[in-house]
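Engineer: here is a sequence with its predicted model. Questions after.
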Amino acid sequence: MIKYERLDDTKEVLEWAKQHEAIPAERELPDGETELTFNLDGQRDGEPLDWDKFLQRFRLEGLALLVEPEVSSSHYFKFVDDSTQKDAIKTGLSSGQDLNKHVQTSDFRAH
């Protein structure tokens, strides 16, 4: 099983993003709505946003960022609704579907 950390403080999100050279962005969904994401490793997943707008939306939408623990150099991330469970989410091959019940539609990114 992999244990993911839940970052809900904007300072923690900013620190994680800087450590992973993640650029704040928003991506348009098929229904015309948008969701927050990060552009990583030269890949552009969305239109860049300035940090103030990104963090304001992060707070207003009540989001948290799900990432691998600090000891990992992984770029895995997932935006989740912070109103769900506050503990780190554990997942593995057998419980992957349970994780999907707690997260939004954006994919984990690994670069």
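Structural biologist: Received it, and whenever you're ready, just let me know what you need. Residues are numbered from 1 along each chain as shown.
Engineer: how about low-confidence regions in the chain?
Structural biologist: Scanning the chain for pLDDT under 70 picks out 1, 71-73, 84-111.
Engineer: would you map the strands across it?
Structural biologist: Remark: strands assigned in the chain by DSSP state E are 2-3, 5-7, 23-28, 34-39, 47-48, 63-67, 77-81, 90-91.
Engineer: any idea which of these is most buried?
Structural biologist: Mean neighbour count (mean count of other Cβ atoms under 10 Å) peaks for strand 63-67 among those, with a mean of 22. Bear in mind the C-beta positions are built from the backbone N, C-alpha and C, glycine included.
Engineer: partner strands of that strand, with direction?
Structural biologist: Taking DSSP bridges as the criterion, strand 63-67 forms sheet pairs with strand 5-7 (antiparallel), strand 77-81 (antiparallel).
Engineer: ok, which of the strands of the chain comes nearest residue 15?
Structural biologist: Among the strands of the chain, strand 5-7 comes nearest to residue 15, with 8.5 Å by Cβ to Cβ.
Engineer: follow-up on the earlier one: want to throw the strands paired with strand 63-67 into CSV with distance to residue 25?
Structural biologist: CSV is the format used below for the strands paired with strand 63-67 (distance: least, Cβ to Cβ, whole Å):
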stretch, distance to residue 25
strand 5-7, 17
strand 77-81, 12
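Engineer: quick one: closest of those to residue 69.
Structural biologist: With Cβ to Cβ as the criterion, residue 69 lies closest to strand 5-7 of these, at 5.5 Å.
Engineer: follow-up on the earlier one: select, out of the strands paired with strand 63-67, the one closest to residue 40.
Structural biologist: Ranking the strands paired with strand 63-67 by proximity to residue 40 (Cβ to Cβ) places strand 77-81 first, at 8.4 Å.
Engineer: sweet, I'm off.
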